[in-house]
Each structure stands twice: as C-alpha cells, then as structure tokens.
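*Asks:* Give me the fold of what follows.
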Amino acid sequence: QYYVNYKRLKSILKKLFSTDEDTKEKNEKGKPSLQMISYGTMGDVEEKGVLTKAQAEEKFIAELNDEVKKVNEFYRITEEKLRKKFDAIMAQAEHTHEGEHHEGTGFARSLNLSLADLYRTLTQLNNFIYLNRIGFDKIAKKFDKACKGHYRKTFEKKIADCYFFKSGGTSEMLKEVCTFYANLFEKGDLDKARVRLLAKMTEGPYRKSDMLWLGVKIGIALTLLIWNMFNLFVSPNLHITATMGIYVPLYRAVSLCVSLVWLWGLNIWTWSRYRVNHVFIFEISPRHKVNHLEIWAEAASLSIVVLLNSLLFLHHQQYRLKARLSEVVYPMALIAFIVAKIALQLFDSSKRGSLQKDIVASMGSVFIAPFGRARFRDCYLADYFCSMQKIFSDLQYIICIYTLSFSKLLNDDPLASSGYCLSLGSVLVPLVHAVPYWWRFQQCLHRYIETQKRWPNLANAFKYCLCQLTVIIGSLHPFFSEYEAPWSPYRLFWLALIVVTTLYTYVWDLVMDWGLLQFQDKDHPLLRENRLFPGTIFYYWAMGSNLVLRFTWVVTLIPFPFQSVLSSSVELENVLLPLLTFLELFRRSQWGILRVEYEHLSTSQGFRKYEHLPLYFDKAAPSAKMSEPNKKSLWINLEVVFMAFLLVFFSVVVWVLK
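*Replies:* The predicted structure is shown next:
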C-alpha cells in the first residue's frame with residue numbers, strides 16, 4: 001500500500017483523457033472535451049462533469065503529487081526506524097565481552113540473525129526506491145503521451161529532489177551493516193560477509209516451527225522405514241507371495257524417485273553453502289528458487305505416504321485382510337496419490353509450482369530432441385534420465401499392468417497379467433533403456449549444429465552412441481541361450497564394449513565434466529587449481545567412487561549371472577537391485593555437484609551465453625557476451641543426419657542378431 005499505485009494512476013489517466021462522443025458533438029470548436037469519471041484518493045466520489053484539458057492535467061498532477069508524498073513519507077519514517085535499530089544492535093554488541101562474539105555462542109547467533117534481518121529489510125527498502133522510481137517514470141511518460149505535453153522532464157527533476165531518492169541513507173546503511181558483520185564474523189572480509197548476508201536473505205525466513213515440523217516428519221519417516229525393514233527381513237510371519245511380487249516394481253520405482261528428491265536437496269544445500277550459482281547456471285528465475293529445507297520437507301512428506309502405504313500392503317497377508325479388501329487397493333491408492341500430486345503441482349501458482357513448470361518445459365525439450373532446446377539444464381536433466389533406466393523399465397511394467405492387463409487384475413488373475421507384461425517387456429525394456437541415451441545423443445548433435453564445433457560435441461555424441469549400443473545388447477542378453485564354454489565372439493565383443501564404454505564415460509566425467517586429471521597444481525596432483533569446495537578429499541573420493549559405481553551399474557545390465565545367483569532368494573533380488581539403482585542415483589547426484597561447480601568456474605562445453613558469471617553479491621550484468629556461431633552449414637546438417645543414421649543402423653543390427 002506504500003508503493004506508488006501505478007494501476008490506479010493509469011486508470012485515472014485513462015478516464016480523465018477519454019473522449020466523450022456526445023460532448024464532442026456539442027463542442028463548437030470541434031475539439032474533443034475530456035470527461036472525468038468518479039475518482040478520489042480516499043474513496044470520495046466527485047460528480048461527473050466536463051473538464052478542460054488544463055483542468056484534467058491539474059487534477060492528475062495533484063493525484064501524482066499525493067502519491068509522491070505518500071512514498072516519500074513512508075521511506076523517511078522507515079529509514080529512521082532502521083537507523084535506530086542498527087544503532088541499538090551496535091550498542092548492544094559494544095557492551096558485550098569479546099568472547100561472546102564467537103559464532104558458537106547464543107548471543108552471536110542472535111546477533112547474526114538480527115543483522116541478517118536488518119540487511120534483508122534494507123535491501124527491500126532499496127528495491128522500494130528503485131521500483132517507485134520506475135513506476136513514477138512510466139506513469140509520467142504515459143501522461144505526456146495522453147496530453148501531448150512535456151511534463152516528464154519536470155517531474156524527473158522533482159523526483160530527483162525528493163528525500164527518498166536523494167537521501168542515500170539506505171545504501172550507506174547497507175555498507176555499514178556489511179562492514180559491521182564482516183568485522184564481527186568474517187575477520188573483515190567484505191566479500192564473504194556479502195555472501196553470507198545475501199545467502200541468508202535469499203533463503204528467506206525459515207521459522208523454528210518449520211524446522212521442528214521437518215524434524216518430526218523425518219522422525220516419522222525413519223520409524224516407518226525401520227518398521228518396513230523389520231517386516232521384510234526379520235518378521236517370521238511375513239512372506240512375499242508371487243501375487244505380491246507383481247506390485248514390487250511400483251514401490252521400487254516410487255521409492256527410488258523419492259530418494260532422488262532427497263539427493264536433489266543435498267545438491268542444493270552443497271551449492272548454496274559453497275556459493276555455486278546454480279540459479280544462474282540453470283537459468284531459473286530467482287523468484288522461483290526453492291531452498292534445500294523446502295525440498296527435504298517435501299521429500300519427508302512423500303516418504304511418509306509411500307512407507308505407510310507399503311507397510312499396509314505388507315501387512316495385508318499377515319493380518320488376513322484379504323477377505324475384506326483386495327491387495328490391489330494399496331498400489332492403486334498410491335498411484336492415485338501420485339497422479340493427484342503431479343496435477344496439483346502443475347496448477348500451483350506459487351514459486352514451487354512455477355519451478356516445476358520450468359522442469360516440465362525442460363522435460364518437453366528433452367523428449368522432442370533434437371528439435372527442442374539444448375540448454376545446460378536440458379542436457380543436465382537428460383543425463384539424470386540416463387541413470388534412471390531401471391526406474392523407467394519399472395514404470396513401463398506398471399503402465400502395462402494397470403492399463404493393458406487391468407481387466408485380468410480385476411478378475412483375480414494377477415499372474416496372467418504379469419506374464420503378459422513380462423512378454424511385452426522383452427520388446428519394450430531395450431527401448432526404454434536406450435531412449436535416454438538417444439535423447440542425449442540428439443542433444444549433442446543439436447549443440448553441434450548450434451555451435452558448429454566438432455569438439456566436444458561429436459565426441460560426446462559418440463560416447464552416448466556407445467552407451468546406447470551397450471545398453472541394448474545388455475537388455476537383450478537374457479534372451480540368449482545358457483552360458484557355453486568357450487564364449488562366442490559376439491559375447492566377447494559385448495564384454496569389450498562394456499569395458500571400453502565404461503572407461504570412456506569415466507574419463508569424460510573427470511576431464512570434460514569436472515575439469516580434473518590436470519597437472520597444474522603440484523601440491524594436489526590430478527586436481528585443477530580453481531576449486532570451490534574446501535579441501536581435496538571430496539574430489540579424490542569422487543574420482544575413485546565414480547569408477548567403482550560405474551562398473552557396479554554395469555552389473556544391472558548383465559541379467560544372466562545376476563539371476564542365477566539370486567534365483568533362490570526373491571527377497572534378496574528385490575533388495576539388491578534397488579540398492580544398485582540407488583547407488584547409481586547417488587553417483588549421478590555426486591556427478592551433478594561437481595558438474596555444476598565446474599560450469600560455474602568455466603564454460604568448457606559452450607553452454608553459457610556469457611563469459612562472466614555473477615556471484616551472489618555481484619549486481620552487475622554479465623559483461624562479455626560470447627561470440628555467436630556462423631550460419632548453419634549444409635555439411636554440418638549432413639554430418640548430423642549421417643551419424644544419426646549410423647546409430648539407428650547399428651541398433652537395428654544388434655536387435656536382429658539377438
């Protein structure tokens with residue numbers, strides 16, 4: 001209510017300078033008169049009457065002056081209050097002992113929060129000046145256009161003389177607060193102080209009650225998880241029957257998706273803590289930014305629903321509920337919840353809903369590759385899809401069960417429906433496993449067309465070409481005959497392809513995606529000089545674990561020995577496969593942390609439009625725009641078509657030779 005009421009002023013301007021056709025006819029000079037329709041600052045209504053141009057201008061200028069006075073008075077009072085508050089904080093800090101200023105003490109935490117809150121309010125007041133200045137300038141421009149006058153320049157001078165515009169008190173106080181905070185908590189480092197204060201400001205106020213509620217939800221989720229684990233591995237009264245096993249892929253897929261939400265919250269926390277500007281890199285509107293606590297709160301709620309549903313499903317046989325209720329009700333209820341949750345989020349107008357709409361838009365760009373956009377966030381999302389193949393194969397099984405063979409479920413013949421979907425999966429599973437790599441392959445070709453650079457785009461496309469062939473052969477492997485000795489040349493080729501592809505992708509991760517395997521830093525071999533994360537342990541851990549987990553993920557693509565070992569233990573198979581899939585999601589999240597960090601520090605693969613990437617405390621616009629590529633070449637398009645043809649050709653050959 002203290003901002004300039006631009007919408008109201010615009011409405012008054014339109015009414016004051018609107019032409020009345022009846023009055024125009026009565027006007028002897030033939031000029032349109034101006035009619036004033038009821039308006040007023042305090043709700044009082046004036047009677048309709050005909051005004052001259054000078055009277056209409058005088059009325060509008062009076063309204064404009066009232067708005068200026070309102071804004072000016074509010075700013076003056078607010079600035080005085082904030083100055084008194086800052087003086088009180090400084091006086092309180094001066095009268096305390098030096099030891100109480102350490103961050104671990106209760107007084108220091110209180111002082112930290114008070115300064116962060118003051119900094120947030122001062123920043124909002126600074127934005128108040130800027131937004132009102134724009135509002136007044138725009139309405140003055142419209143006024144000049146409506147009355148064909150030149151009032152805008154005069155009004156600009158008047159605004160420049162106003163207290164709220166020329167005071168400068170807010171900017172000075174922001175500097176003082178930052179300096180005071182730096183001296184207390186950051187040993188005088190102003191840049192660190194700005195980062196800490198702005199990070200607290202962008203996180204928004206997360207109340208203690210919210211933290212308490214998050215802790216309660218996490219406690220409930222952990223309790224339900226332990227209860228489910230006890231029923232699966234310890235309870236002697238629970239046995240997973242053949243019919244119950246049909247619904248395991250649903251719970252496996254949903255649980256892994258929920259775990260991915262937890263891991264994504266961990267990524268956001270890591271980037272925010274170590275000043276990696278992921279918001280700028282992903283091209284997310286700052287208004288749509290969601291912090292890690294909000295993500296974990298959502299993940300905790302989803303975990304409670306999924307674990308409670310699975311607990312009821314497991315106890316269906318144990319408490320003999322079959323006579324009263326069919327076991328298919330629990331999976332159906334879980335599916336209904338997921339569908340309703342997605343639908344509600346898509347129609348959500350809050351910042352979380354807006355962010356999810358951005359994600360859906362990126363998913364659309366991935367699905368229609370190479371015709372969609374290939375920004376960093378689109379390629380990043382497609383890389384995540386490459387680690388979710390087992391989830392996608394479970395989803396295709398679930399869709400089959402609850403669509404094509406749902407009638408068999410209703411007729412109490414679940415085994416028949418499962419057999420039908422498994423036979424259909426012999427065709428769909430290889431396709432589902434290969435499609436994510438096809439998307440990334442097409443995105444690399446799209447990037448090649450945009451940038452006209454063979455390196456690194458074609459080399460990256462070749463990497464996904466190898467991955468697709470490896471996955472297709474691995475998916476078709478269960479349909480071969482039993483192992484014979486010696487191995488056939490085809491199987492030896494497949495094994496060599498697995499090793500070469502895994503090593504290729506591993507080296508690409510380290511060199512191209514993370515910028516490692518460098519020898520510039522003599523004290524820390526294999527690492528780059530510029531690093532945002534403290535220490536070196538995390539980098540070396542990521543290098544080692546990435547290799548191990550990549551080969552572990554390959555195990556899931558070798559179904560024969562996997563099934564022969566686990567054929568006598570259904571429970572172990574239902575646990576080990578989700579565990580390996582979770583480890584791949586963990587590896588991908590770890591990859592994502594370092595990938596975004598390296599993109600923050602450099603532009604190795606040409607995704608950024610600007611060489612300069614602003615930090616949290618950098619208000620300047622990106623300065624050096626990157627050079628635009630030349631016009632598309634016919635030869636480049638022919639190369640792209642040829643590479644796509646080769647990939648399709650070899651995939652078909654592999655399929656025929658199964």
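
*Asks:* Skip the chain neighbours and tell me the closest residue to V258.
*Replies:* Among residues not flanking V258 along the chain, L302 sits closest, at 4.8 Å (C-beta to C-beta, 6 or more residues apart in numbering). For glycine as for every other residue, the C-beta is placed from the backbone atoms N, C-alpha and C.

*Asks:* Could I get the contacting residues of that neighbour?
*Replies:* V258, V261, K341 (C-beta atoms under 8 Å, 6 or more residues apart in numbering).

*Asks:* how many neighbours does the first one have?
*Replies:* Using other C-beta atoms under 10 Å as the criterion, V258 is surrounded by 21 other residues.

*Asks:* who touches it in this structure?
*Replies:* Contacts of V258 (C-beta under 8 Å, 6+ apart): A299, L302, S303, V306.

*Asks:* May I have the secondary structure class of it?
*Replies:* With DSSP: H, G, I helix; E, B strand; the rest coil as the basis, V258 sits in helix.

*Asks:* circling back: could I get the pLDDT score of the residue nearest to V258?
*Replies:* Looking at L302, its pLDDT stands at 95.

*Asks:* Next one: it from M173, what distance?
*Replies:* Going from L302 to M173 by C-beta to C-beta, to the nearest Å gives 43 Å.

*Asks:* re the thing from before, can you tell me which of the contacts of L302 comes closest to F107?
*Replies:* When the contacts of L302 are ranked by distance to F107 (C-beta to C-beta), V261 comes first, at 37.0 Å.

*Asks:* where does that closest one land on pLDDT?
*Replies:* On the pLDDT scale, V261 is placed at 95.

*Asks:* buried residues in the one helix or strand it maps to?
*Replies:* V261 is part of helix 248-273 when elements are defined by DSSP states H and E. Neighbour-count burial for helix 248-273 flags 248-268, 270-272 (criterion: 16 or more other C-beta atoms under 10 Å).

*Asks:* Can you give the distance from it to the centre of its chain?
*Replies:* Distance of helix 248-273 from the chain centroid (C-alpha atoms, centre = their mean, to the nearest Å) equals 12 Å.

*Asks:* Over to stretch 109-125?
*Replies:* Distance of stretch 109-125 from the chain centroid (C-alpha atoms, centre = their mean) equals 27 Å.

*Asks:* Contacts for it next, please.
*Replies:* Counting by C-beta under 8 Å, 6+ apart, 75, 78-79, 82, 85-86, 89, 92-93, 101, 103, 170, 173-174, 177-178, 180-181, 184-185, 196-197, 200-201 sit against stretch 109-125.

*Asks:* Now, of these, which are buried?
*Replies:* Buried positions within the contacts of stretch 109-125, assessed by neighbour count (16+ other C-beta under 10 Å), are 75, 78-79, 82, 85-86, 89, 93, 101, 170, 173-174, 177-178, 180-181, 184-185, 196-197, 200-201.

*Asks:* any idea of the mean pLDDT for the strand or helix carrying Y119?
*Replies:* For Y119, the host element (DSSP H and E) is helix 106-147. On average, the pLDDT along helix 106-147 is 83.

*Asks:* Ok, stretch 316-323 next?
*Replies:* Stretch 316-323 carries an average pLDDT of 59.

*Asks:* Count the residues that sit near the closest residue to N460 other than its chain neighbours.
*Replies:* Among residues not flanking N460 along the chain, C444 sits closest, at 4.6 Å (C-beta to C-beta, 6+ apart). With neighbours defined by other C-beta under 10 Å, the count for C444 comes to 27.

*Asks:* now the helix or strand hosting C444 and helix 248-273, what's the angle there?
*Replies:* Per DSSP H and E: C444 is located in helix 414-451. Helix 414-451 runs at 30 degrees relative to helix 248-273, counting by axes from the mean of the first three to the mean of the last three C-alpha atoms, to 10 degrees.

*Asks:* Next secondary structure element downstream of the helix holding Y119?
*Replies:* Following helix 106-147 toward the C-terminus (DSSP H and E): helix 151-160.

*Asks:* Sort out which residues of that following helix are buried, please.
*Replies:* Buried residues in helix 151-160 (16+ other C-beta under 10 Å): Y151, R152, F155, K158, I159.

*Asks:* Please tell me how far the third one sits from W269.
*Replies:* To W269, F155 is 48 Å away according to C-beta to C-beta.

*Asks:* what angle sits between the helix or strand where N228 lies and helix 248-273?
*Replies:* N228 belongs to helix 208-233 when assigned by DSSP H and E. Helix 208-233 and helix 248-273 meet at an angle of 150 degrees, taking the same axes, to 10 degrees as the criterion.

*Asks:* what distance separates helix 208-233 from the centre of its chain?
*Replies:* Once both centres are worked out by C-alpha atoms, centre = their mean, helix 208-233 turns out to sit 25 Å from its chain's centre.

*Asks:* go on, stretch 302-319?
*Replies:* 30 Å.

*Asks:* List the buried residues in it.
*Replies:* Applying a neighbour-count criterion of 16+ other C-beta under 10 Å, one finds 302-310, 312-317 buried in stretch 302-319.

*Asks:* what does stretch 395-405 give?
*Replies:* Within stretch 395-405, judged by 16+ other C-beta under 10 Å, the buried ones are L395, Q396, Y397, I398, C400, I401, Y402, S405.

*Asks:* packing partners for the helix or strand encompassing the third one?
*Replies:* Think Y397. Using DSSP H and E, Y397 falls within helix 389-402. Applying 3 or more C-beta pairs under 8 Å, 6 or more residues apart in numbering; DSSP states H and E, one finds that helix 389-402 contacts helix 248-273, helix 329-346, helix 414-451, helix 570-601.

*Asks:* OK, contacts around A299?
*Replies:* Residues near A299 by C-beta under 8 Å, 6+ apart: V258, V261, W262, G265.

*Asks:* Let's see that with 6 Å instead.
*Replies:* Going by C-beta atoms under 6 Å, 6 or more residues apart in numbering, A299 touches V261, W262.

*Asks:* got the angle for whichever helix or strand it is part of vs helix 248-273?
*Replies:* In the assignment (DSSP H and E), A299 maps to helix 292-318. Between helix 292-318 and helix 248-273, the angle comes out at 160 degrees (the same axes, to 10 degrees).

*Asks:* Alpha carbons of stretch 466-475, as CSV, please.
*Replies:* Taking C-alpha atoms only, stretch 466-475 is exported to CSV below (Å, rounded to 0.1, in the frame of the first residue of the first chain):
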residue,chain,number,x,y,z
LEU,A,466,28.5,-46.5,-27.4
CYS,A,467,26.3,-46.3,-24.3
GLN,A,468,23.1,-47.0,-26.3
LEU,A,469,24.6,-50.0,-28.1
THR,A,470,25.9,-51.4,-24.7
VAL,A,471,22.5,-51.0,-23.1
ILE,A,472,20.6,-52.5,-26.0
ILE,A,473,22.9,-55.6,-26.0
GLY,A,474,22.7,-55.9,-22.2
SER,A,475,18.9,-55.7,-22.3
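
*Asks:* what mean pLDDT does that stretch have?
*Replies:* Stretch 466-475 comes out with an average pLDDT of 80.

*Asks:* was I right about Q389 contacting A434?
*Replies:* No: look at Q389 against A434 with C-beta atoms under 6 Å: they stay out of range, at 8.6 Å.

*Asks:* who's in contact with stretch 392-402?
*Replies:* For stretch 392-402, contacts defined as C-beta under 6 Å, 6+ apart pick out P249, L250, R252, A253, S417, C421, L424, L428, V429, V432.

*Asks:* is it true that the second one touches A333?
*Replies:* No: distance between L250 and A333: 11.1 Å, which falls outside the contact criterion (C-beta under 6 Å).
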